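Enquirer: everything below, folded, please.
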Amino acid sequence: MRNRIQLSIVLVLGLIFLSFSSKKEVSTAFTTPVVKGDTITWKLLAEIKYEKRKHPKYGEVQFPVVNDKVKAKGKKRVLISGFIVPIDSKTYAISKNVFAACFFCGKAGPESIVGLKFRGATPKLKTDQYVTVEGTFRYNETDADDWIYNVDDVVIVKGN
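Expert: Prediction:
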């Protein structure tokens, strides 16, 4: 019992002394990103509906109907974070999910992936690399051969 009391006193005194220690100022110069665009979330992109329409090449197709909040981001600089999914040797997309659970595997919808067109040369990226990119947002409600969502003039701002 005596040992417990002594241990408790030592712990209390230690906490008191630590609370009076001088605090060092932490620089946030490298931890706070400079936001140049509007952040777009996967939750917002998921707020989508579909309607069946005739397509001259594919017959009846489910076309996306993009909501007004997403449309308001059209042609604006946006930031989006996600996992890199290679489409071919020169084309990438960013996904809400990792490759094993992405749109192509049937585990998510087409609204969970965004096509990327990089500014300048296409960088070499790894599958499932988590990045934040910035670029000009574009949505598509009519072209069945294109992504529903795209970001053009892309630069990687985090995760390189």
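Enquirer: from here on, just use CA atoms for contacts and neighbour counts.
Expert: Fine.
Enquirer: how about the strands in the chain?
Expert: Ranges of strands in the chain, per DSSP state E, are 38-39, 48-55, 59-66, 77-86, 92-95, 113-118, 130-139, 149-158.
Enquirer: need the contact list for the most centrally placed residue in the chain.
Expert: What sits nearest the mean C-alpha location of the chain, by Cα atoms, centre = their mean, is Ser81, with 1.9 Å. By Cα atoms under 8 Å, 6 or more residues apart in numbering, the contact set of Ser81 is 94, 96, 130-133.
Enquirer: distance of it from Val157?
Expert: Here Ser81 is placed at a distance of 10 Å from Val157 (Cα to Cα, to the nearest Å).
Enquirer: ok, now Thr136?
Expert: Relative to Val157, Thr136 is positioned 14 Å away (criterion: Cα to Cα).
Enquirer: cool, Ala93 as well?
Expert: 15 Å.
Enquirer: between the two, who's got more neighbours?
Expert: Ala93 (20 against 17; other Cα atoms under 10 Å).
Enquirer: do you know how far that one is from Lys52?
Expert: From Ala93 to Lys52 the distance is 25 Å (Cα to Cα).
Enquirer: what of Asn97?
Expert: 26 Å.
Enquirer: likewise for Glu134?
Expert: As judged by Cα to Cα, Glu134 and Lys52 stand 32 Å apart.
Enquirer: more neighbours: which of the two?
Expert: Between Glu134 and Lys52, Glu134 has the larger neighbour count (other Cα under 10 Å), namely 24 against 11.
Enquirer: show the contacting residues for that one.
Expert: 36-37, 77-80, 151, 154-157.
Enquirer: farthest-apart pair in those, please.
Expert: Using Cα to Cα, those span at most 14.5 Å, a distance reached by Lys36 and Val151.
Enquirer: out of the two, which sits in the more crowded spot?
Expert: Shown here are Lys36 and Val151; by other Cα under 10 Å, Val151 has more neighbours (27 against 12).
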